[in-house]
Structure formats: structure tokens, C-alpha cells
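Visitor: Dropping the sequence and predicted coords here.
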Amino acid sequence: MSHGKIREDKTCLNCGHQVEERFCPHCGQENIESRHPFYYLFTHFFEDFTHYDGQFWGTMKNLLFKPGRLTKIYLEGKRAQFVPPVKLYIFISFVTFLFISFQVANMDFGKQGAGKEKITKKELQEKVIGDESVQKLLKESPEIAKADSLTGGALKKALDTANASANDKKNDIDVENILQSKSITKSIGLQSMEDFDRREEKNGHKYETFRPFIAKIFEMEEKGLSPREITNLFIKSSIHNLPKALFLYLPLFAFLLWIFHSKRKWWYFDHGVFTLHYFSFLLLLTLLLFVAQKLLSYFEGSGFAIAMNGLFITAATIYAGCYFFIAHYRTYRTHPALTIIVGAVLFAINTILFTLLLMGLGIISFLLMH
């Protein structure tokens, strides 16, 4: 219910019936002034969702700390005291992915640690000398300069850096530009799509299904993208597809619940309500986890932040798993042993299927990327 001013005129603007108090007894519309300040357009939704009677906050508390209670009460027909399942899922999904989208935009999933990638001289020398292509060049040509002409100067630069003076105070060197000269396709021995097609002819088209994906990698490498940047794009496309994946997976999750439970006692609708509440919980937990990581990012590099981040992730993962079993038991009232068995099977199946769905959507988005 909003906090709008009640109209002096008691005639409902919607249906014309007389309104004795705040709401029309005929159509249910609130009899408040129809003209509002501009900010009302933005605050009305949240006022309506979090209205003063505590429906929203009571729903949040039960959703987080009382597994299965919302589902049980809703299926019993007591539906006025809590936010409806669909409305709850849409709201939490919107807030969660709005927050995550801002965080993911600034993330670099290819970096190992903060700052540019570093490596010691000894490690670089072992990496360069141990590389098969470098060994081949050294064997074929006694002159480093001649061999270097085949690598565009990368070999000479790497060797010069690796053999720098031992008195140099900077024992760590920046090799990001050197490592970026490598590509994903060349690391698997491919020079072009024609090369891939020739190999497929010889191998009986074993990896033909990967052809669009490899073609896309070639396309992105031609644009100058490094392996790290390509990896970033793929991971970010998968994360941005998470809302779609969850929405598409909702009916399948409910369908699997329907398969494993009595068809006479439980309707597909009942499993849908359980699914909406459980997915809302997962989204809310994810949101809280991202908020915690954002706060810890201000202490980046400290042992406390690293320890707390690991603790939060571990605790959230364990709680999400336990939550499912507790909610399942309280909703369906099956024997504890049966709850554990059925829950474990459902958990394993859903984890595999959802991972495949998310990867599939990520690949499709990656292939359609311009």
C-alpha cells in the first residue's frame, strides 16, 4: 500500500463505486490522489513492494533463514502475509543481476593476481628454452639473429631479458607483452581454418562440432585480441546469460521434482512454487555474497580480506546445499533418509544440466558476438 494522500471525493476513479475507507470494495483500487511528484514514478514500485505492513521484510527473513516455510505456508493457502513467489523471484532477480552486471564489467578473469603478470628471470629462461618451437629454432640455426627473424624479435627479446645482469635489482620482469604474442589457435597447432579443415579430412571429422567455435577464435585473434581477452569475453558472456539460464531452467527444475514425487499428492504447480522460492533464495544469497566481496575489495591484498572471502564463499556454498535438503524435507514431509537420497540425486542431476545449459548459452552468445 502506498502512502499517497486519500482523495476527499469518495467516488472510485476506476469503477465509480463509493469508497468508504481507503480501498474500493468493488475493484480494490486505492482511492488516493492521481497527481504525484515526478519521483513517485520511481518510488511507487518499491513502496508497493516493501509496504509498511512488513510483508517484504518478513518474506526476506523467512526466505533466508527458514527453508521451506514460505512454500509450505503458500501451498496451505495463506498467501496474503508474504510476497507472491513470482513477484518475489522477479524482484530479487532484477536487483541481483543489476548489481552483478556493474561488478562483472570491471572484472578481469584472465589475470592471476593483481597487477600485470610477473615472472622471475629463471622461470622465464626455463620457459623460453623449454619451449619446443624455440628448441627447434636453436637446433636449425646456430645464429640467434637468424632464428629471431622467424619469430618477429620475440625470441631475442625473451633471451636478452632472461640473461640480463644478475646485479639488476629488479628480479621480477614484465613479460605480459611477450606472452600476449601467443594465441589460442597456435597453442593447439592451428595456423588457419584451412589447416583445421585439412586435419579434419584426415581425422574423419572428429572435431567438426568445434569448427564454429574455432572460427570465432580465429576471427577475434585477427582483431588483435589476446587469449586473456578472449577468455574474459567468454566468461562474461556466460555470466550475463545467467538470468536467461535460470529463467529457462525454472520449469525443468520443477519437472524433475514432479518426476520424483507422488503425482496424486503433488501437482506440478506445487513444485513450481518450491522452485521459485529456492531460486529466489539462491539469487538473494548470491547478491549478499557479491556485496560482501565488494566491501572486502576495499581491503584488497590483505590476509584478512582473502581469509574472509574464502570463508564467505565456503559458508554460502555449504548453506545453499543444506538449504535445499531442509526445504525439501519441510515441504514434502518425506522420510529423512528418502529426503537425503532423492535430494542428492536431484542435486546432482540439476547441477549437471544447469551447467550444460549455462555453457551452451555462453557459447551461443560468444559465437554471436561482434
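Guide: Arrived safely.
Visitor: Tell me the backbone dihedrals of H261, please.
Guide: According to degrees, to the nearest 10, the main-chain angles of H261 amount to phi -130, psi 160.
Visitor: Now do the same contact list for it.
Guide: H271, Y332 (Cβ atoms under 8 Å, 6 or more residues apart in numbering). All C-beta spots, glycine's among them, are computed from the backbone N, C-alpha and C.
Visitor: Output stretch 357-364 as CSV, nothing but the C-alphas.
Guide: C-alpha atoms of stretch 357-364 as CSV (Å, rounded to 0.1, in the frame of the first residue of the first chain):
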residue,chain,number,x,y,z
LEU,A,357,22.7,-25.1,-20.2
LEU,A,358,24.8,-22.2,-18.9
MET,A,359,27.8,-23.3,-21.0
GLY,A,360,25.6,-23.7,-24.1
LEU,A,361,24.1,-20.2,-23.7
GLY,A,362,27.6,-18.8,-23.2
ILE,A,363,28.9,-20.5,-26.3
ILE,A,364,25.9,-19.2,-28.4
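Visitor: Work out the gap between that stretch and the centre of the chain.
Guide: 12 Å (Cα atoms, centre = their mean, to the nearest Å).
Visitor: Identify all contacting residues around that stretch.
Guide: In contact with stretch 357-364 (Cβ under 8 Å, 6+ apart) are residues F213, F234, I235, S237, S238, N241, L242, K244, A245, L248, Y249.
Visitor: Same check on stretch 194-214?
Guide: So stretch 194-214 is contacted by T185, L190, M193, I363, F366, L367 (Cβ under 8 Å, 6+ apart).
Visitor: Equivalent analysis for stretch 316-329, please.
Guide: Under Cβ under 8 Å, 6+ apart, the answer for stretch 316-329 is 67-68, 71, 274, 277-278, 281-282, 285, 288-289, 334, 336, 339-340, 342-343, 347.
Visitor: Try it again at 10 Å.
Guide: Outside of stretch 316-329, the residues that reach it under the criterion Cβ atoms under 10 Å, 6 or more residues apart in numbering are 63-72, 257, 260-261, 274, 277-278, 281-282, 285-286, 288-289, 292, 334-336, 338-340, 342-344, 346-347, 350-351.
Visitor: show me the contacts for the closest residue to N309 other than its chain neighbours.
Guide: Spatial nearest neighbour of N309, chain neighbours left out: L296 (5.4 Å); criterion: Cβ to Cβ, 6 or more residues apart in numbering. Each residue near L296 by Cβ under 10 Å, 6+ apart is listed here: S302, F304, A305, I306, A307, M308, N309, F312.
Visitor: same thing but 8 Å
Guide: By Cβ under 8 Å, 6+ apart, L296 lies in contact with A305, M308, N309.
Visitor: Give me the number of neighbouring residues for the second one.
Guide: To tie it back to what came earlier, the one meant is M308. 16 (other Cβ atoms under 10 Å).
Visitor: re earlier: among the contacts of stretch 357-364, which ones are buried?
Guide: F234, I235, S237, S238, N241, L242, A245, Y249 (16 or more other Cβ atoms under 10 Å).
Visitor: re the thing from before, can you turn the buried part of the contacts of stretch 194-214 into a PyMOL selection?
Guide: Of the contacts of stretch 194-214, the buried ones can be selected in PyMOL as follows, counting by 16+ other Cβ under 10 Å:
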select buried, resi 185+190+363+366
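Visitor: re earlier: restricted to helices, list the contacts of stretch 316-329.
Guide: 63-65, 69-72, 257, 274, 277-278, 281-282, 285-286, 288-289, 292, 336, 338-340, 342-344, 346-347, 350-351 (DSSP state H).
Visitor: In PyMOL, select just the buried ones from those residues.
Guide: The PyMOL command for the buried members of the ones in helices among the contacts of stretch 316-329 (criterion: 16+ other Cβ under 10 Å) is given here:
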select buried, resi 63+69+70+71+72+257+274+277+278+281+282+285+286+289+292+339+342+343+346+350
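Visitor: returning to that earlier point: any idea which of the contacts of L296 is the one closest to Q103?
Guide: N309 (13.7 Å; Cβ to Cβ).
Visitor: measure the most centrally placed residue in the chain to N232 for me?
Guide: For the chain, the residue sitting closest to the mean C-alpha position, by Cα atoms, centre = their mean, is I239 at 3.7 Å. Distance check for I239 against N232: by Cβ to Cβ, to the nearest Å, it reads 11 Å.
Visitor: do L311 as well
Guide: According to Cβ to Cβ, L311 and N232 sit 27 Å apart.
Visitor: Between those two, point out the one with more neighbours.
Guide: More crowded of L311 and N232, by other Cβ under 10 Å: N232, with 18 against 11.
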